[in-house]
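Asker: all I have is the shape, not the residue letters:
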């Protein structure tokens, strides 16, 4: 059976442009956007003009470059605020944050990436992290992502590795599929995952999933600068993370299954 043709292909083109801008930390000129989206300058120009009018894109007249606008934020905030896992987990993550005073993240799986839906910042100095609410990153290069991958079936993991290129972000990134498989096996045994400067140098994270009865509702982690890491602190964080996980799962069971 053939797939139905989408209505309004200009929306698909607009999405490609927005994705192009979202991947970049710097504004881009029209010709670069056109090249990266494989569209003509004329087509991109018309779509950018419309996106600018509704606030999805902003144009810098001085440099003639484009970046994402604030118009998307209202939809993102509404979407994120309505996620049950965010509402359920927040009080527990706030308690965890107060106990450790390290940065706490909450994420959900979006395709082959994790999407940050909450972040509680440490009050103490920390190296600059790229994480922010609405930010996404590859699962194989994060504690939360690896924890989620560790729960997938062999068939799902095979399909994931067939789709995703294991690109190196730092010298510590796992880029060999067999090394990743071995680490995921260890994560399954211990119930938590570690990101040792694998996506961002000098950042150490411990993360675990929020899954019950075969369904994953998200994952959370505690992040800190690598220089603050000690064996004693690592053990304390692991215990706190696992206790918090148990508390959140207990509430999830009550919410979804009335147990």
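Answerer: Right, received. Where do you want to start? These numbers come from a predicted model, not from an experiment.

Asker: for the strand or helix carrying residue 52, packing partners?
Answerer: Using DSSP states H and E, residue 52 falls within helix 41-53. Helices and strands touching helix 41-53, by 3 or more C-beta pairs under 8 Å, 6 or more residues apart in numbering; DSSP states H and E, are helix 9-22, helix 30-37, strand 57-60. In short, each C-beta sits where N, CA and C put it, glycine included.

Asker: as TSV, those with mean neighbour count would be great.
Answerer: Output for the helices and strands packed on helix 41-53, formatted as TSV (neighbours: other C-beta atoms under 10 Å):
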stretch	mean neighbour count
helix 9-22	15
helix 30-37	17
strand 57-60	17
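
Asker: among those, which gets the worst mean confidence?
Answerer: Out of the helices and strands packed on helix 41-53, helix 9-22 stands lowest, with a mean of 88 (criterion: mean pLDDT).

Asker: how far off helix 41-53 does that one point, in degrees?
Answerer: Interaxial angle, helix 9-22 versus helix 41-53 (axes from the mean of the first three to the mean of the last three C-alpha atoms, to 10 degrees): 80 degrees.

Asker: now do the strands in this structure.
Answerer: 28-29, 57-60, 65-68, 103-110, 113-120, 136-138, 193-196, 203-212, 215-225 (DSSP state E).

Asker: which one of the ones you listed lies nearest to residue 153?
Answerer: Among the strands of the chain, the nearest to residue 153 by C-beta to C-beta is strand 215-225 (12.3 Å).

Asker: ok, the closest one: who's next to it in the sheet?
Answerer: Strand 215-225 has its sheet partners listed here by DSSP bridges as strand 103-110 (antiparallel), strand 203-212 (antiparallel).

Asker: taking their axis directions, it and strand 113-120 sit at what angle?
Answerer: 60 degrees.

Asker: which ones are touching the residue nearest to residue 21 when sequence neighbours are not counted?
Answerer: Closest residue to residue 21 apart from its sequence neighbours, by C-beta to C-beta, 6 or more residues apart in numbering: residue 68 at 5.0 Å. By C-beta atoms under 8 Å, 6 or more residues apart in numbering, the contact set of residue 68 is 18, 21-22, 56-58.

Asker: and the residues you listed, which is closest to residue 95?
Answerer: Set against residue 95, the nearest of these by C-beta to C-beta is residue 22 (32.7 Å).

Asker: ok, now which ones touch the closest one?
Answerer: residue 68.

Asker: measure it to residue 236 for me?
Answerer: Taken as C-beta to C-beta, to the nearest Å, the spacing of residue 22 relative to residue 236 amounts to 37 Å.

Asker: ok, now residue 14?
Answerer: Applying C-beta to C-beta, the value for residue 14 to residue 236 is 48 Å.

Asker: ditto for residue 50
Answerer: From residue 50 across to residue 236, the span is 52 Å (C-beta to C-beta).

Asker: what's the end-to-end length of stretch 132-150?
Answerer: One end of stretch 132-150 to the other measures 24 Å (C-alpha to C-alpha, to the nearest Å).

Asker: can you give me the buried ones in that stretch?
Answerer: In terms of neighbour count (16 or more other C-beta atoms under 10 Å), stretch 132-150 has its buried residues at 133, 135-150.

Asker: may I ask which two of the contacts of residue 68 are separated the most?
Answerer: 22 and 58 (13.3 Å).

Asker: could you tell me how many residues sit around residue 183?
Answerer: Number of residues near residue 183 (other C-beta atoms under 10 Å) recorded here: 17.

Asker: got a pLDDT number for it?
Answerer: pLDDT, residue 183: 96.

Asker: packing partners of the top helix by length along the chain?
Answerer: In the chain, taking DSSP state H as the definition, the longest helix is helix 231-257. Contact partners of helix 231-257 among helices and strands, from 3+ C-beta pairs under 8 Å, 6+ apart: helix 84-100, strand 203-212, strand 215-225.

Asker: at 10 Å what do you get?
Answerer: Helices and strands touching helix 231-257, as assessed by 3 or more C-beta pairs under 10 Å, 6 or more residues apart in numbering; DSSP states H and E, comprise helix 84-100, strand 103-110, strand 203-212, strand 215-225.
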